[in-house]
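Visitor: Sequence and computational prediction follow.
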Amino acid sequence: MARIKAIALDAMGVIYTEGEDLWNLLAPFLSKHGCTQSDAEIHTLYVSCCLGEMTSQEFWKRAGCNWDGGALEDDYLSRYALTAGLMDFLKQMREMSIPVFCISNDIAEWAMKRRKAFGLEEYLTGWVISGNVGFRKPDLGISQALAKVLPCHPHECVFVDDRSRNIEGGREIGFLPLLFSSKPEGAGYPVVSNFRDLKTLVFG
């Protein structure tokens, strides 16, 4: 592997434990709080909000839920958890002067609230969120947005995601793909299942 000067981590399934948060966390939460939308309608609303086409407050309203000044949103976001080993990894990267970025398909306001709640702003150099840039992985646009904020060339940055299809856009412009998964998908990428192995594979 080339000399690595930066790391880009996906959020759901890498930084946070839940990789299928739309269906495993959000949809059940919406149903519990008055949403009567179909799965297809929820998906459409969510994707639209993840592209920055509406605010998170508008998302709750259109889903038929009482935003309650943000209390409902905060209640929902409290259901996320950090992946084991993440904080140790981030501290090690900081000691090695390796900047770590997040690249995620996410609602802008939710991404901001999560990283503040978990104290991640101290450790991550930058955040490329679909709700801010208007592109979702695997669209090439979000990978290009990441490339613009890196302190190095894409071929010197490892792009870590739990879904091989999300890595494709990054690979097209030179990012080094790495699949974070306990179930290798056979996509031809290096695969790790935890942050200890990630550090070992990338830095030895």
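Guide: Yes, it's here.
Visitor: thinking residue 109 is in contact with residue 54, fair?
Guide: No - if you go by C-beta atoms under 8 Å, residue 109 and residue 54 don't touch, sitting 10.6 Å apart. C-beta: built from backbone N, CA, C; applies to glycine.
Visitor: Just after the lowest-mean-pLDDT helix or strand in the chain, pick out the following helix or strand.
Guide: The least trusted helix or strand in the chain, going by mean pLDDT, DSSP states H and E, turns out to be helix 164-172, with a mean of 86. Sequence-wise, the next helix or strand downstream of helix 164-172 (DSSP states H and E) is strand 176-180.
Visitor: now that next one, how far from the centre of its chain.
Guide: 14 Å (C-alpha atoms, centre = their mean, to the nearest Å).
Visitor: likewise stretch 91-103?
Guide: That offset, for stretch 91-103, works out to 16 Å (C-alpha atoms, centre = their mean).
Visitor: Export that stretch to CSV, keeping only CA atoms.
Guide: Extracted as CSV, the C-alpha positions of stretch 91-103 are listed here (Å, rounded to 0.1, in the frame of the first residue of the first chain):
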residue,chain,number,x,y,z
LYS,A,91,-6.1,8.9,19.2
GLN,A,92,-3.4,6.8,17.5
MET,A,93,-3.9,8.7,14.2
ARG,A,94,-3.6,12.0,16.0
GLU,A,95,-0.3,10.8,17.6
MET,A,96,0.9,9.8,14.1
SER,A,97,-0.2,13.2,12.7
ILE,A,98,-2.5,11.4,10.2
PRO,A,99,-5.7,13.5,9.6
VAL,A,100,-9.0,11.6,9.7
PHE,A,101,-12.0,12.7,7.8
CYS,A,102,-15.6,11.5,7.7
ILE,A,103,-17.5,11.0,4.4
